[in-house]
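Q: let me see the structure of the following:
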Amino acid sequence: MDKGSISTFRSKLDDTLGCHDLTDHEAVNNLIKSQILQSSSSDFGGNLEDVVETRAKEVSTLLEMLRSASSTNLSSNMLDRNWNIKQDTEEFRVMYREGPIGTPFHELLVEGFVDGPLDVLLCVSWEAILYKEWWPDISFPPFKVLSSDCVKRVRIGEQVSLVRMKLPWPLSAREALVHYFALEYFENDLMVVLLNSLPDSNNGNRSGYGFTWEGIPDPKNAIRIGVAGGLALLKLDANRTYFRTVARVDPKLDWLPPSLINFISRQIVGSGFKLFKKAIESISKGNDKFSKYIKDPLYERIRKALYATDDESKKLAESESGDPEFRQLTEIDEDDEEENQNLNLESPSDSNKSVEKKTPSSISPQVTQALETLDNVISMLQEHRFDIEKWKTNTNKEETSHSEVSANQNSSDPSSTGANLLIREQGIDESSLSNVRSSSLAAKCHQNGVGKTSAKGKWVKSAMAVAFLPSCFRREVTS
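A: Model prediction:
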């Protein structure tokens with residue numbers, strides 16, 4: 001896959017993120033409200049309007065962060081803080097920038113495409129308990145996931161997870177209590193996932209979330225960091241998805257060494273992307289560690305909305321193309337039907353009907369006369385059942401009286417010369433017979449609705465058997 005294709009995927013995501021439904025605050029508000037009502041039970045906790053307004057502000061902020069990496073923004077140089085490209089490959093790109101001036105934030109963005117359906121990518125990204133299965137486990141310098149788990153499932157498409165990381169010395173362990181919220185925008189094959197850290201019980205306002213805080217742990221033996229960001233997943237086709245992930249992190253450090261920034265943006269993200277792809281392949285192959293999670297209603301809803309049509313089309317294509325011979329016959333039948341419509345002919349319903357009854361009005365009088373002449377010849381041959389010995393004697397006399405050229409032409413079929421002699425004895429002109437043969441073949445083909453593509457079909461063979469008299473005559477007199 002060349003970079004031009006990646007640019008096309010990136011532009012497609014930029015266009016989707018820039019549509020009216022995702023740029024207008026009221027439209028975003030309506031999308032979120034509709035989804036919360038769809039996913040919530042009757043005992044929704046909290047004030048619905050407050051929850052929707054809080055979530056709409058967070059999602060709008062995330063969308064702005066995602067749009068900041070669009071080609072238009074990167075080329076305009078109008079941003080106060082420009083992205084610095086840390087890594088750019090044929091499959092993904094990593095960028096970094098410092099947070100707003102006067103804040104402790106650092107921002108990291110990763111985007112690229114993966115061969116896998118959108119629901120599988122979301123499963124690997126969403127299920128915190130699976131992070132240890134694919135996240136890089138680096139011993140030196142130490143950088144790995146110590147623990148990760150979902151501590152509260154709010155509703156379909158919303159949960160709270162706790163992730164704890166081990167960092168290089170002299171940094172102590174860090175953890176993040178993250179609120180996950182999935183926004184479905186199936187009209188444009190898009191999923192947006194909000195990933196924001198929750199405030200501690202003693203620090204921050206916990207209202208406006210729409211769920212109780214029971215079961216959510218307080219910090220223990222680790223420094224809890226702040227995270228604001230999320231990801232966008234765009235379906236490209238049935239087995240390819242483009243993603244863009246952005247995070248604004250407060251690592252709880254007065255100063256972050258550039259070497260650590262480079263280590264994370266290059267080594268950690270590069271290794272993580274490869275392991276991320278392997279995890280997606282494992283789910284596709286039915287890995288037991290992942291298979292039970294992909295059955296969650298969240299992913300079922302995505303498959304039904306985005307891939308139901310693809311599955312139906314695939315099954316239909318397989319049924320239509322399963323047998324090559326069936327496929328060829330189908331094409332021939334379609335061509336024959338088209339020929340019949342163009343010629344205004346009907347297929348024969350009874351093979352025992354006479355030629356006069358089956359001849360349509362669109363056949364010219366010349367062809368009709370040729371068919372009548374052919375019938376006369378066949379009738380005469382059936383009435384005069386000559387003795388085979390007499391026929392052979394006449395054949396020998398005829399062969400000695402012909403020129404060498406004629407003899408060579410007829411030597412390939414002994415019955416042909418005898419047939420010509422008998423035809424002349426009955427007063428039939430040979431040139432007329434030649435016209436009859438060719439005309440009758442064409443007439444039989446048109447009469448029986450045989451197209452060019454089915455010239456090897458049984459109707460053509462029947463027409464040829466009737467038209468070529470010498471062979472028919474030989475079978476008749478020796479029967």
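
Q: next, Tyr293: phi, psi?
A: The phi/psi pair for Tyr293 (degrees, to the nearest 10) reads phi -80, psi -30.

Q: in space, what's closest to it - neighbours in sequence excluded?
A: Using C-beta to C-beta, 6 or more residues apart in numbering and skipping the chain neighbours, the partner closest in space to Tyr293 is Glu127 (5.0 Å). Backbone N, C-alpha and C define where each C-beta goes, glycine included.

Q: what number of residues lie near the one you found?
A: By the other C-beta atoms under 10 Å criterion, the neighbourhood of Glu127 contains 21 residues.

Q: same thing with Gly157?
A: A count of nearby residues for Gly157, using other C-beta under 10 Å, gives 23.

Q: surely it meets Val192?
A: No - in this structure Gly157 lies outside contact range of Val192 using C-beta atoms under 8 Å: 10.8 Å.

Q: quickly list what's touching both of the two.
A: Contact criterion C-beta atoms under 8 Å, 6 or more residues apart in numbering; residues shared by Gly157 and Val192: Ala182, Leu183.

Q: still on that earlier bit, confirm for me that the residue nearest to Tyr293 is in contact with Lys295.
A: No - Glu127 is beyond contact range of Lys295, at 11.6 Å (criterion: C-beta under 8 Å).

Q: could you list the low-pLDDT ranges of the stretch 201-350 of the chain?
A: 201-207, 310-350 (pLDDT under 70).

Q: would you map the helices across it?
A: For the stretch 201-350 of the chain, applying DSSP state H, counting those that start in this stretch gives helices covering 258-262, 269-284, 288-291, 297-306, 308-320, 324-343.

Q: buried residues, the second one. List them.
A: It refers to helix 269-284. Neighbour-count burial for helix 269-284, counted by 16 or more other C-beta atoms under 10 Å, picks out Val269, Gly270, Phe273, Phe276, Lys277, Ala279, Ile280, Ser282, Ile283.

Q: which residues sit against that helix?
A: Helix 269-284 is contacted from outside by 87, 91-92, 94, 108, 110, 112, 114-116, 120-121, 123-124, 130, 133-136, 138, 289-291, 294, using C-beta under 8 Å, 6+ apart.

Q: kindly recompute the last result at 6 Å.
A: Phe92, Val94, Val110, Val114, Gly116, Val120, Val124, Trp134, Pro136, Phe290, Ile294 (C-beta atoms under 6 Å, 6 or more residues apart in numbering).

Q: among those, which two are most distant?
A: Val94 and Ile294 (27.4 Å; C-beta to C-beta).

Q: and the helices in the stretch 1-150 of the chain?
A: Under DSSP H, counting those that start in this stretch, the stretch 1-150 of the chain gives helices at 3-17, 20-23, 25-39, 48-67, 71-76, 118-126, 131-134.
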